[in-house]
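J.: Return a 3D structure for these sequence lines:
(chains A, B and C)
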Amino acid sequence: MGFWNTFFNSSYMLAVLPEIIRVGIINTLSISIAATILGILIGMPMSLLALSRMSLIRALARAYIDIFRGLPVIVTIFLVGQGLPFSGLRVFGQNPYPYGILAIGIVTGAYVAEILRSGIQSVDRGQFEASRALGLSHTRTMIQIVFPQGLRRVLPALTNQFINTIKDSSLIFVLGLSVDQREIYRIGQDYAQRTGNLSPLTMVGIAYLTFTVPLTYLVNYLDRHLREGRRPAAADRSGEVS
Amino acid sequence: MPFNLSTRASSLFAACLFGLATAQAEPADVELNQPGTLSVCIVDSNAPMSSVVDGKLVGYEVSFSEEIAKRLDLKPDFKFTVFEGIFAAVANHVCDMSAGSHSITLKRLEIINFSSPHFVGSFTILSKADSPTKTVADLDDKRLGVVAASIQETYANETYKKTTVVPFPDSAAMQIALLSGQIDAAFFEGGLAAIYMKESQTPLQVVVSIPNDDQPAGLGIAKDRPKLLAAVNKAVADMIADGTYARIYKETIGGDVPNLPGPDFKPSR
Amino acid sequence: MNAPAISLRGVNVAFHGHPALCGIDLDIASGEVVCIIGPSGSGKSTLLRCLNGLQSTDEGTVEIVGHRLPCPDRAQNALRTDVGMVFQHFNLFPHMTVMDNVTFALRKVKRLSAAEARRIAGERLTEVGLAAKFDARPAWLSGGQQQRVAIARALAMNPKVMLFDEATSALDPELVKGVLSLIAGLAGHGMTMVVVTHEMGFARSVSNRVIFMDAGQIVEQGPPERMFREPATQRLKAFLDQVL
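T.: Modelled structure (predicted):
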């Protein structure tokens, strides 16, 4: 069989590439981006609720976070994607996509909430106190002073989460995708099982890496830029007198 | 008197020789991952072929493979595989043999070898009893579930051009999707469909049942293992000849035992 | 006689059962500059933070320029527009420019227009000598400059009382003097101030009254000259021997 032929057979890799580009990438990206947006919309308020001064609200937020981080993503996809229609709540008709996005979005929301919560708690308490000492309300202080700083701190962890979400999108196939709905992994897997050769999956891996790796570098760049802003010329900083 | 005695003696002697011959172990040099063990890839949730009942692995493929292993003087070791991965698993020596009740097709022969046919069945499309999808004509513009990489998938894509074919990783996921209404009909193996019809709490109906005589199933063996293939083929032939095949069929599936095509079977598609 | 600007009665604060303030009674008159000195853990900062509600009291009341504590969280916002605070570690908002730091509360709490807020902020920043730094980020400034911004930020709200919590303790020695003279200037203008500090020279020369605290209690208080030259209690004597 040969290691090289099994994983890097170029003719199989090239054969799968057109479909990956034409169908797979757009499906994978649309699932991932939609689920990430949903995850952020859920996670941001959830992180603040997890820090609420009211213990009941805190407990409910905590429960959400613990449950959806604790369940394997594939289980959540099944529960949402099959469970909702089964119980009569066929909110998205027969199309598996929205259910899958909803499920992955719910899971992403739990992780984002936890990441943001820890980011918020890592912000120096002095920031909170200085803001309150100026007369700003608790809510405004959290939203405009503490949260933005907490967010910046956890940008690397959030990118990590986006990468996980991209990878989780490959699980949506358990809900049953039609030919044009296939995301990258599914396309590769179809080729692999038809040929008995794993090279199409190597191509799938390369396709995923072309998103995830630049993403990491982009966020690092943004993070540095946000933290430091436009640096002044060196001359400006000299001659300090207290 | 002496004539009768010697006839008796010689028939006794012949019987002993015959017994010795059949009890003789198969050649020990078949290609295996691990000497003494026959690892077999099977599919889960595929009653009556292979499924777990009360914690035990049972089914036609299970019993058949156990018998083959016995005749080769090997210990069977079963591994679950997703159906669509089963051919690659055999080709890459993840297991020695696959018993996923998979038909012998030209495309699959490009990847692995098959034993002579050991099973012939049918496939059946089911829908919910209260569904408007009652006949093949009703399948237009509907969603039909299939197990990914199965011949049902190939058949559906070729035959039902106006239907959206939706592949699933296994029959269980497909069954849930049928019951929850996410698909309008589902393409099952004949035996499994019969079981679902009988046991499903939600009433089901048969849309169509298609016999599969020209696409019998065989056991999958890697192309670079000719000795194993030869040994398995001999075991299959023996099992058909001495009635073991029929016995296993009746025990696990029941009903009339179909005739199997011979070892010279060549698929047409 | 005018009512005191600040009045504490029977204030007790304990952290996890450990007492931090014990039965504090204190009056501070309008325009008075009070310095609180004492060893670490004596409760100086805790007392200061009770004055603007950042520290809640277990028992007792605080009356400060017409506001009364304890009171609900919402009401505390109003109190804090009349009471400004400067922290040891400056606590400037790092994700905003200097100008935005100072205008933020003016716009969000006092609901001033952006232009009006900018005008006031500009004046305060110029007064502390940072006219050239409006668009700078806090991270680009020295500690002394950051503390000046913090002072300008607090003063921009036009408070009736200013609280200083060890405002120079985190500064490099050569920067301390500049900030101290800024604070001294405020005192000269009649601002009611409560200053927790380790800078004995400052306490001696600028304050109207010095309060010495130890172990959660006010041990001794009086005019600075008397406190430093003739400490009445053994504990104050010992403390001054150590720090002077």
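J.: Just the element for the nearest residue to A:Leu171 once chain neighbours are set aside, please.
T.: What sits nearest to A:Leu171 in space, not counting adjacent residues and going by C-beta to C-beta, 6 or more residues apart in numbering or on different chains, is A:Ile74, at 5.1 Å. The way it works is simple: take the backbone N, C-alpha and C, and place the C-beta from them, glycine included. Using DSSP states H and E, A:Ile74 maps to helix A:73-81.
J.: how far away is the closest residue to chain C within the stretch 51-200 of chain B from chain A?
T.: Distance from chain C to each residue of the stretch 51-200 of chain B (C-beta to the nearest C-beta) is smallest for B:Gln182, at 46.6 Å. For B:Gln182, the distance to chain A (C-beta to the nearest C-beta, to the nearest Å) stands at 5 Å.
J.: Look at that residue and tell me its secondary structure.
T.: Following DSSP: H, G, I helix; E, B strand; the rest coil, the label given to B:Gln182 is coil.
J.: Spit out the contact partners of it.
T.: B:Gln182 is in contact with A:Gly81, A:Gln82, A:Pro85, A:Gln94, A:Pro96, A:Leu175, A:Gly176, B:Arg143, counting by C-beta atoms under 8 Å, 6 or more residues apart in numbering or on different chains.
J.: Let me know the closest of the residues you listed to C:Ile64.
T.: Among the contacts of B:Gln182, A:Gly81 lies closest to C:Ile64 (C-beta to C-beta), at 59.1 Å.
J.: Would you mind giving the contacts of B:Gln182 as CSV with pLDDT, neighbour count and distance to A:Ala103 added?
T.: Putting the contacts of B:Gln182 into CSV (pLDDT from 0 to 100; neighbours: other C-beta atoms under 10 Å in any protein chain shown; distance: C-beta to C-beta, whole Å) gives the following:
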residue, pLDDT, neighbour count, distance to A:Ala103
A:Gly81, 87, 29, 6
A:Gln82, 86, 22, 10
A:Pro85, 84, 23, 12
A:Gln94, 82, 18, 16
A:Pro96, 86, 26, 10
A:Leu175, 87, 25, 9
A:Gly176, 84, 29, 14
B:Arg143, 94, 23, 19
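J.: Looking at those residues, which one is closest to chain C?
T.: A:Gly81 (40.0 Å).
J.: correct me, but that closest one touches A:Leu171?
T.: No - checked against C-beta atoms under 8 Å, the pair A:Gly81 and A:Leu171 is beyond contact range at 10.0 Å.
J.: one step back: can you get me a residue count around the residue nearest to A:Leu171?
T.: Around A:Ile74 there are 13 other residues, counting by other C-beta atoms under 10 Å in any protein chain shown.
J.: now swap in A:Arg153 and tell me
T.: 19.
J.: Please tell me how far it sits from A:Ala103.
T.: Applying C-beta to C-beta, to the nearest Å, the value for A:Arg153 to A:Ala103 is 28 Å.
J.: what does A:Met13 give?
T.: 31 Å.
J.: Looking only at neighbour counts, state which of those two leads.
T.: A:Ala103 (28 against 21).
J.: OK, contacts around the more buried one?
T.: Contacts of A:Ala103 by C-beta under 8 Å, 6+ apart are A:Val73, A:Thr76, A:Ile77, A:Leu79, A:Val80, A:Gly81.
J.: and B:Val146, which of the three is it?
T.: B:Val146 ends up strand, using three-state DSSP.
J.: Dihedrals phi and psi, the nearest residue to it once chain neighbours are set aside?
T.: Leaving aside its chain neighbours, B:Val146 sits nearest to B:Glu153 (4.1 Å; criterion: C-beta to C-beta, 6+ apart). Main-chain torsions, B:Glu153, degrees, to the nearest 10: phi -60, psi -50.
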